[in-house]
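Asks: A structural model of the following input is requested.
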Amino acid sequence: MSGAPERSKMSVVASEGATLASDGLQIDRTGLCFNDSISARLNFLSKVVGSLPAGVTVQDEEGNFVLVNAAAAAQFNMPARDIVEATSGTRFLSGELNNRRHLARRVLQSAKTRISEELIQTDHATKSYLTTHKPVLISNRKLLLSSSVDISRQKAIEQELFRCAYYDELTGLPTRRVIEQHANSLIREGRSPVRFAVAFLDIDNFKHINDYYGHASGDGLLVEVARRLGLGLRATDMLSRISGDEFLLLLNPVESDAEVAEYIEFVLQRLKAPFFIDGSELFASASIGVSIYPDHGSSYDVLRQNADTAMYRIKNETKGAAAIFDSGMQHEALTRMEIEQSLRLAILDKRFCCAFQPKVDIETRQVKGIEALVRLRDDEGIIQEPGTFIDLAVELGLIDDLTHLVLAEIMRSIDLIDDTFGAGAGISINVAAKQAGNVAFMTSFARALERTGCPARFIVEVTEDAFVAKTRFQTEILPILRRLGVGISIDDFGIGYSSLSALADITADEIKIDRSFIVDIHKRPRSQGILKAIESLSEALGMTVIAEGVETFEELAYLQAATRIRYAQGFYFSEPVFLEGLKPGRRTASEGRKSPASRAVQESRPAYSRATGYGR
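Replies: Next comes the predicted model:
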C-alpha cells in the first residue's frame with residue numbers, strides 16, 4: 001500500500017470477511033476499509049473510539065476492563081487507566097464498576113445482548129445512562145462490548161411529565177388518578193376481608209376567601225389545609241387533592257364506622273384552628289362525606305359518588321361537619337338527579353312561568369309595584385315552588401338563563417300586567433348574589449332591560465351579601481343600572497351579612513325587611529326595636545322600606561300603628577297571582593286564607609280582577 005496515493009476517505013462495507021478491494025484498498029475482518037498501514041490504522045481507530053460521544057468499554061470474561069474511552073471514563077468519574085487497573089485488582093473497585101464487572105460475567109454467560117439503565121452518582125447529581133451490552137468474539141476471545149448514552153435530560157423530562165400527570169402542582173399531593181388506582185388495587189388484590197374508607201372533603205365558602213383575600217391567599221390556605229390533613233396519616237393511608245378546594249382521603253384499613261367517625265371528627269377540629277396566611281388570620285371549615293368499602297359500594301366509582309352524596313347532604317344542612325353515607329342519602333341523590341334533569345329540560349323547553357305578588361300601600365291599599373316570582377311547571381303540568389329548583393339552578397350555573405327567561409315572560413305578559421296591576425306598577429326581578437357579582441351576566445342583563453323600552457320600570461332585587469362581599473356589583477354594575485333608571489332593592493334584609501354601618505354604604509332604592517322580623521311582630525319587643533332602627537336609618541338614607549311576609553291582621557295593625565312603614569307584601573294582601581288564571585270578577589286564592597282574628601276584616605278586602613285591577 002506504500003505506493004498507493006494517500007486518501008483520507010474511510011468507508012464501511014456490508015460483507016464481513018472480505019480481505020481485498022480494488023484500487024489498492026485493504027479491508028480487514030471488521031468490515032472497515034483503510035488505505036493506511038497497520039500502525040496508522042490502530043492510531044486512527046484509537047482516536048475515533050476515544051472521541052466518541054457515547055461511553056464505550058470492552059470487558060473480558062472475568063469482567064475486567066480492557067478498553068475504556070474518554071466518555072466512559074467521564075461517566076464513571078475516573079481516569080480510564082485507573083478503571084482498567086481497578087478491575088485488574090491493583091486499585092479499589094467502586095460500586096458502579098463492581099456492578100459492571102458482575103453484569104459482564106452474567107451477560108457473557110447468557111450470550112445475549114442486554115439493554116439496561118444505569119444510575120451513577122456524581123459530585124453534583126445522579127445521572128442516568130442507557131447502556132447496551134453486546135457479547136462479541138474477537139480473536140477467539142469472549143468480550144463484552146458496552147455502549148452508554150447519557151439520558152439524564154430525557155429522564156428529567158419524563159419525571160416532570162409524570163409529576164404533572166400524577167401529582168398536584170400546588171400541594172404536591174397525588175391527583176385523583178393516583179388515589180383511584182390505589183383504591184382499585186385494594187379492591188382487586190386485597191386479601192379478604194378488605195375494609196377501607198373514602199372521605200370526600202370540601203372547604204366551605206372557599207370562594208368567599210378568594211374574593212376577600214385574593215387567590216394567592218386562597219392558594220396558601222389550600223397548601224396549609226393539605227399539610228394539616230396529612231398530619232398523622234399512616235403509611236397505608238393516602239390523601240389526594242382532586243380539584244380546586246376538594247380533597248379525597250383514603251383510610252386503610254378501618255375496623256368500624258365508629259373508628260372512622262372519631263378520626264374524621266378529629267380532622268374537622270384540626271381544620272377549625274386559625275390559619276395564618278400572608279399576615280392574615282383566616283378561619284376555614286370543611287364538609288366531609290364518608291363511604292366505606294364494601295358496605296357502601298363494590299367499586300371506587302360508587303364509593304366516590306356515595307361519599308360525595310354524603311358531603312353535599314352536610315353542606316346543604318350545616319357545613320363544617322361530617323356524615324357517613326346511608327341508603328336514605330342515595331334516595332335523596334336520585335331525587336336530586338331527577339330534579340336536575342327536569343330543570344335542564346325545563347329551561348330548554350321554556351317550561352317556566354311567572355306569578356306576581358303586589359307590594360301594597362298599607363294605608364290606601366294601592367299597588368306600588370309587583371315582584372315577579374318564577375315557577376316551574378313539571379312534566380305533569382304541576383307548578384313547583386322555587387325552593388325546589390332555584391338553589392340547584394344557581395349551583396349548576398343555569399340561573400342566568402332562567403333570569404333571562406323570566407324577563408322574556410314578563411314582557412310577553414306586559415299588557416296583562418298593566419290591566420291587572422296598573423301601568424304605573426314597578427316590576428321587581430330577583431337576581432342571585434352570585435349573578436350580581438358576575439360582570440358579564442349583569443352587563444348582558446342590563447342590555448336586555450334596555451331593549452324592553454321601559455328599563456326605568458324595573459327594580460333589581462338582590463340580597464345584601466351582593467353589596468357587602470368584595471364583588472364588582474357596587475363599583476361596576478350599579479352605575480350601568482343607574483344610567484338606565486333601573487331601581488335597586490335589598491331583598492331579605494337582616495338575615496345575611498347585614499349591619500347598620502354596612503347599610504350606610506349601600507346605594508339602593510328600597511329595603512325589604514325579611515319576614516323573620518315581621519312574624520308576630522306585635523308580640524316580640526326585640527324585633528320591634530330592630531325594625532325601628534332599620535326604619536329610621538333607611539328613612540335618613542332616602543330608602544323605601546317594605547315589610548315582607550305580612551300574613552295576619554295583627555302584623556298589619558302593628559305596622560300601621562307603631563311604625564312609619566308605608567309598604568308591605570304578603571299573603572294577607574294576596575298570594576302570588578298567575579295572570580292566565582285571572583277572570584273578570586274572580587277573587588284571588590288568598591281570599592280563602594283567613595285567620596279567626598282577621599276573618600271579618602278580610603271579608604271586606606277588594607279582590608284582584610282583570611277588570612278592576614287592585615285598589616284602582
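Asks: secondary structure element for residue 233?
Replies: Assigning secondary structure by DSSP states H and E places residue 233 outside every helix and strand.
Asks: swap that for residue 483, sorry
Replies: helix 478-484.
Asks: can you check residue 323 too?
Replies: strand 322-324.
Asks: That strand - contacts with which helices or strands?
Replies: Counting contacts by 3 or more CB pairs under 8 Å, 6 or more residues apart in numbering; DSSP states H and E, strand 322-324 is packed against helix 257-272, strand 286-293, helix 300-317. For glycine as for every other residue, the C-beta is placed from the backbone atoms N, C-alpha and C.
Asks: next helix or strand past the helix or strand where residue 159 lies?
Replies: Assigned by DSSP H and E, residue 159 belongs to helix 152-166. As assigned by DSSP H and E, the chain's next helix or strand after helix 152-166 is helix 176-189.
Asks: that older thread, gap between whichever helix or strand comes after the strand holding residue 323 and the chain center?
Replies: Toward the C-terminus, strand 322-324 is succeeded by helix 327-349 as the next helix or strand (DSSP H and E). Taking CA atoms, centre = their mean, to the nearest Å, one finds helix 327-349 lying 21 Å from the centre of the chain it belongs to.
Asks: Do me a favour and average the pLDDT over helix 327-349.
Replies: The average pLDDT for helix 327-349 rounds to 81.
Asks: List the buried residues for that helix?
Replies: Neighbour-count burial for helix 327-349 flags 329, 333, 339, 340, 342, 343, 346, 347 (criterion: 16 or more other CB atoms under 10 Å).
Asks: What residues sit buried inside the next helix or strand after it?
Replies: As assigned by DSSP H and E, the chain's next helix or strand after helix 327-349 is strand 352-361. Residues of strand 352-361 classed as buried under the neighbour-count rule (16+ other CB under 10 Å) are 352, 353, 354, 355, 356, 357, 358, 359, 360.
Asks: And stretch 454-466, by the same measure?
Replies: So for stretch 454-466, counting by 16+ other CB under 10 Å, buried means 455, 457, 458, 459, 460, 461, 462, 463, 464, 465, 466.
Asks: so who does the closest residue to the last one other than its chain neighbours touch?
Replies: Right, the one you point to is residue 466. With CB to CB, 6 or more residues apart in numbering as the criterion, residue 466 has its nearest non-adjacent residue at 3.7 Å, and that residue is residue 436. Counting by CB atoms under 8 Å, 6 or more residues apart in numbering, residue 436 touches 442, 462, 466, 471, 473, 477.
Asks: Report all helices and strands that the helix or strand containing residue 48 contacts.
Replies: If you go by DSSP H and E, residue 48 is part of helix 38-51. Contacting helix 38-51 under the criterion 3+ CB pairs under 8 Å, 6+ apart are the following elements: strand 32-34.
Asks: Contacts only, for the residue minimising distance to the centre of the chain.
Replies: Centroid check for the chain by CA atoms, centre = their mean gives residue 244 as the closest residue, at 3.7 Å. Residue 244 makes contact with residue 206, according to CB under 8 Å, 6+ apart.
Asks: ok, now how distant is it from residue 171?
Replies: Look at residue 244 and residue 171: by CB to CB, to the nearest Å, they are 11 Å apart.
Asks: OK, contacts around residue 423?
Replies: Counting by CB under 8 Å, 6+ apart, residue 423 has no contacts.
Asks: pLDDT on stretch 367-376, on average?
Replies: 91.
Asks: For it, output the C-alpha coordinates as CSV.
Replies: The C-alpha coordinates for stretch 367-376 follow below in CSV (Å, rounded to 0.1, in the frame of the first residue of the first chain):
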residue,chain,number,x,y,z
VAL,A,367,-100.3,48.7,44.4
LYS,A,368,-96.9,50.3,44.5
GLY,A,369,-95.2,47.5,42.5
ILE,A,370,-95.1,43.8,41.9
GLU,A,371,-92.5,41.1,42.3
ALA,A,372,-92.1,38.5,39.6
LEU,A,373,-91.8,35.1,41.1
VAL,A,374,-90.6,32.3,38.9
ARG,A,375,-92.3,28.9,39.0
LEU,A,376,-91.5,25.6,37.3
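Asks: And it, how far out from the chain middle?
Replies: Taking mean C-alpha positions (CA atoms, centre = their mean), stretch 367-376 and its chain are 35 Å apart.
Asks: Okay, now the unreliable bits of this protein?
Replies: 1-36, 87-94, 123, 190-192, 379-381, 468-471, 496-505, 580-616 (pLDDT under 70).
Asks: For it, give the strand that spans the most residues.
Replies: strand 126-138 (DSSP state E).
Asks: could you check the angle strand 126-138 makes with whichever helix or strand comes after that one?
Replies: Sequence-wise, the next helix or strand downstream of strand 126-138 (DSSP H and E) is strand 141-150. Put simply, strand 141-150 runs at 150 degrees to strand 126-138, going by axes from the mean of the first three to the mean of the last three CA atoms, to 10 degrees.
Asks: Quick check: closest non-adjacent residue to residue 347.
Replies: residue 401 (5.4 Å).
Asks: Please identify the buried residues of whatever helix or strand the one you found lives in?
Replies: Using DSSP H and E, residue 401 falls within helix 399-412. Using 16+ other CB under 10 Å as the test for burial, helix 399-412 gives 399, 400, 401, 402, 403, 405, 406, 407, 409, 410, 411.
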